[in-house]
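> Pasting a predicted model and its sequence here:
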Amino acid sequence: MSEPQEILETIYRRATTDITRFFIDDNEMSQQVEYIARNLKNRAGVRLLMSCLLAKIHKPELDVRKPYTEIGSNDAFSGRTYDEQYITPFISKYNLPCNNTTAFLTPALRNRNNTLTKDFNLVGRPPQLYRAILNLLDDVYNNRVLPFDLLTETVRWLIILRNERQQRLESLIQTLNTTRDDTLLLSCEDIVNLIEKHLSLKGTSRLPVLIVAAAYKVAEKYLKERILSLHSHNAADIQTGALGDVEITLMDNDEVVTCYEIKNKSVTNNDIDRALQKLSLANKKIDNYIFITTEKINPQVQEYASYLYLNTGGIEFVILDCISFIRHFLHLFYRLRNNFLEVYQELILAEPESSVSQPLKEAFLAMRQAVEVSMEDS
């Protein structure tokens, strides 16, 4: 049997040959696959289904309902291994709308050693999603559908969803570009208000990182400093070796001189102490360690940070409010304000859905258009 990577590539080519073609004759099964692939409340479900089907195609002797080696039988397998080693790079390569992290660490699936029979209760939400997955796994087990066909149908629906989302974004961008043709540039305060309103939505924890990154990208030739590549939203500093969320270097070397750590909560003394520990373990001497927070700044914590300059031999710790940071930047580099907005928008749209969701991307474009239209009408 082909290796898992080859199987997935074959399935992708098959699915894209004719995106309108159904690969399952059973209408109810196809509807279940579409429901799983399109379910926005839980994106782990489709990865569970894909991992189990891939394992079954790769090794036909396996029981598709047994994605846990702890089960102990010869026909059990590690669904997490298939998910992490093969599904993750596959969905990343083709920008398929799935979570970037394994399904097997979600509450419904971790620490299990059970066969996923039709009547098994995974205690996941929404429950109908997991029932649909278990039904399909049972269909494969009882030879009512071929796993190759079922996985192809799943990938087909993910491609359709990906294309639909991309088309919506392109349509919004086109409308925005058309609206902007003869419109006065937004003022600094317009941009700040737009960003602040967008930050008030759910799931915006990645946005302050992009705000800082966009500011440095736009002004790097003036600052003579640049940012290092951003790490993924879910990657811990201990895994990447990064000192923080955004690292700044001088133009002519890679030594970090300023580090930004983004907090979507109030910064505490413990946060500062952990930063000190990171610097100590990494044996790094930098100029500035800056916390950017979207919450109120505690004066006592700010005072604690200010004392560290002498204690660390010249590392300045400071806590800045996110909105105040971007407001000051835009007024300082006033003629770059529109460049900033364009770069920030590009960064938002380039982020994977696991860090900036599709609805959040669409909301930003719609909000920006509304601001620019209101300027044109006024």
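Nice, thanks for sending it over. Numbering: from 1, shown residues only.
> Identify the residues contacting Tyr304.
Asn269, Ile272 (C-beta atoms under 8 Å, 6 or more residues apart in numbering). C-beta here means a position set from N, CA and C on the backbone, and glycine is covered the same way.
> Just the element for it, please.
helix 299-311 (DSSP states H and E).
> Tell me which helix or strand comes right after that helix.
Taking DSSP H and E, what comes next after helix 299-311 is strand 316-321.
> can you give me the helices in the stretch 201-350 of the chain?
207-223, 237-240, 269-282, 299-311, 322-332, 337-350 (DSSP state H, counting those that start in this stretch).
> which stretches of the stretch 1-150 of the chain aren't confidently modelled?
1 (pLDDT under 70).
> circling back to that earlier point, pull the CA atoms of the helix holding Tyr304 into PDB?
Written as PDB, here are the backbone C-alpha positions of helix 299-311 (Å, rounded to 0.1, in the frame of the first residue of the first chain):
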ATOM      1  CA  PRO A 299       0.600  50.900  38.400                       C
ATOM      2  CA  GLN A 300       2.300  48.600  41.000                       C
ATOM      3  CA  VAL A 301       3.300  46.200  38.300                       C
ATOM      4  CA  GLN A 302       4.500  49.100  36.100                       C
ATOM      5  CA  GLU A 303       6.600  50.300  39.100                       C
ATOM      6  CA  TYR A 304       8.000  46.800  39.700                       C
ATOM      7  CA  ALA A 305       9.100  46.700  36.000                       C
ATOM      8  CA  SER A 306      10.800  50.100  36.200                       C
ATOM      9  CA  TYR A 307      13.100  48.900  39.100                       C
ATOM     10  CA  LEU A 308      14.600  46.100  36.900                       C
ATOM     11  CA  TYR A 309      16.700  48.400  34.800                       C
ATOM     12  CA  LEU A 310      19.500  48.600  37.300                       C
ATOM     13  CA  ASN A 311      19.000  45.000  38.600                       C
END
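> tally of neighbours for Phe104?
For Phe104, the neighbour count with other C-beta atoms under 10 Å is 23.
> Around the residue lying closest to it once chain neighbours are set aside, how many other residues sit close by?
Excluding the flanking residues, the one nearest Phe104 by C-beta to C-beta, 6 or more residues apart in numbering is Arg80, at 3.8 Å. By other C-beta under 10 Å, 18 other residues sit near Arg80.
> in what helix or strand does Arg80 lie?
helix 79-82.
> Show me what that helix is packed up against.
helix 44-58 (3 or more C-beta pairs under 8 Å, 6 or more residues apart in numbering; DSSP states H and E).
> packing partners for the helix it packs on?
Short answer (3+ C-beta pairs under 8 Å, 6+ apart): helix 44-58 packs on helix 4-17, helix 27-38, helix 79-82, helix 127-141, helix 147-180.
> Can you lay out those helices as TSV showing distance to Leu279?
Shown next, in TSV, are the helices and strands packed on helix 44-58 (distance: least, C-beta to C-beta, whole Å):
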stretch	distance to Leu279
helix 4-17	40
helix 27-38	45
helix 79-82	34
helix 127-141	44
helix 147-180	40
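> related to what we said a few turns ago, now the residue nearest to Phe104: how far from Ile7?
18 Å (C-beta to C-beta, to the nearest Å).
> Then Leu122?
From Leu122 over to Ile7 (counting by C-beta to C-beta), the distance is 26 Å.
> Kindly report the same for Ile297.
53 Å.
> higher neighbour count, those two?
When Ile297 is set against Ile7 and neighbours are counted by other C-beta under 10 Å, the residue ahead is Ile7, at 20 against 17.
> Which residue, other than its chain neighbours, is closest to that one?
The nearest residue in space to Ile7 (C-beta to C-beta, 6+ apart) is Ile57, at 5.4 Å.
> ok, that neighbour - contacts?
Met1, Ile7, Pro147, Phe148, Leu151.
> now do 7 Å
Ile7, Pro147, Phe148, Leu151 (C-beta atoms under 7 Å, 6 or more residues apart in numbering).
> And those, which two are furthest apart?
Ile7 and Pro147 (9.9 Å; C-beta to C-beta).
> ok, back up a step: right, and the helices and strands packed on helix 44-58 - which one's nearest Arg368?
helix 147-180 (6.2 Å).
> If you count contacts, what does that closest one end up packed against?
Helices and strands touching helix 147-180, by 3 or more C-beta pairs under 7 Å, 6 or more residues apart in numbering; DSSP states H and E, are helix 4-17, helix 27-38, helix 44-58, helix 127-141, helix 358-377.
> Check which residues of stretch 310-328 are buried.
Thr312, Ile315, Phe317, Ile319, Leu320, Cys322, Ile323, Phe325, Ile326, Arg327 (16 or more other C-beta atoms under 10 Å).
> residues in contact with it?
188, 192, 195-196, 208, 211, 215, 267, 272, 286-294, 297, 301-302, 305, 308-309.
> rewinding a little: now for the helices and strands packed on helix 147-180, which one comes closest to Ala103?
Ala103 lies closest to helix 44-58 among the helices and strands packed on helix 147-180, at 3.9 Å (C-beta to C-beta).
> just the angle between the closest one and helix 127-141, please?
Following axes from the mean of the first three to the mean of the last three C-alpha atoms, to 10 degrees, one obtains 10 degrees for the angle between helix 44-58 and helix 127-141.
> The longest strand seen in the chain pairs with which strands, and in what direction?
Scanning the chain for the longest strand, with DSSP state E as the assignment, gives strand 256-263. Strand pairing for strand 256-263, using DSSP bridges, gives strand 246-250 (antiparallel), strand 288-293 (parallel).
> now the shortest one, how far from the centre of its chain.
For strand 246-250, the gap between its own C-alpha mean and the chain's C-alpha mean amounts to 22 Å (C-alpha atoms, centre = their mean, to the nearest Å).
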